[in-house]
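Asker: Next one to model:
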Amino acid sequence: MIKTTNQSGKTAENIAANYLAKQDVKIITRNFYSRFGEIDLIAMNHEILLFIEVRYRKNEHFLTAIETIDQRKCNKIIITSEYYLNKHKKYQSHLCRYDVITLTGDLNGPVIEWIKNAFQA
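Answerer: Here you go, the predicted structure:
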């Protein structure tokens with residue numbers, strides 16, 4: 001049973017990572033932290049480096065999962081991705097994309113949506 005928001009967030013990230021693996025996406029890093037922010041998943045898909053935000057909502061009565069990502073959050077992810085690229089120079093020549101994976105409903109069988117190119121730097 002999922003008891004806390006942090007616990008459900010980690011479970012949602014695990015589900016998203018497994019979903020992406022089934023799509024032949026290679027997870028490179030999980031929960032990359034910097035002083036600027038955090039990126040849930042960093043992955044590679046056909047030579048494109050993906051910076052992925054995972055959002056879970058049990059229900060969407062007030063806001064959808066994608067609506068919970070504001071411009072401030074996008075900016076933090078962008079700045080953190082730039083920091084990541086500066087630390088990992090081998091990825092600097094790759095195209096980069098900012099995606100969002102949303103999960104809605106019960107985490108035992110959520111509705112998963114992969115929003116490619118959800119926002120841009």
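Asker: Strands of this protein, start to end?
Answerer: 26-34, 37-45, 48-57, 95-104, 111-119 (DSSP state E).
Asker: Tabulate those strands (JSON lines), appending distance to residue 18 and mean pLDDT.
Answerer: Any C-beta I mention is one placed from the backbone N, CA and C, and that applies to glycine too. Below are these laid out as JSON lines (distance: least, C-beta to C-beta, whole Å; pLDDT from 0 to 100):
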{"stretch": "strand 26-34", "distance to residue 18": "9", "mean pLDDT": "96"}
{"stretch": "strand 37-45", "distance to residue 18": "11", "mean pLDDT": "97"}
{"stretch": "strand 48-57", "distance to residue 18": "12", "mean pLDDT": "95"}
{"stretch": "strand 95-104", "distance to residue 18": "11", "mean pLDDT": "95"}
{"stretch": "strand 111-119", "distance to residue 18": "10", "mean pLDDT": "95"}
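Asker: how about these, which one is nearest residue 9?
Answerer: With C-beta to C-beta as the criterion, residue 9 lies closest to strand 48-57 of the strands of the chain, at 6.4 Å.
Asker: Partner strands of the closest one, with direction?
Answerer: Strand 48-57 has these partner strands in its sheet, going by DSSP bridges: strand 37-45 (antiparallel), strand 95-104 (parallel).
Asker: Of the ones you listed, which is nearest residue 16?
Answerer: Evaluated with C-beta to C-beta, these place strand 95-104 nearest to residue 16, the distance being 4.2 Å.
Asker: in the closest one, what's buried?
Answerer: Within strand 95-104, the residues that qualify as buried are 96-104, counting by 16 or more other C-beta atoms under 10 Å.
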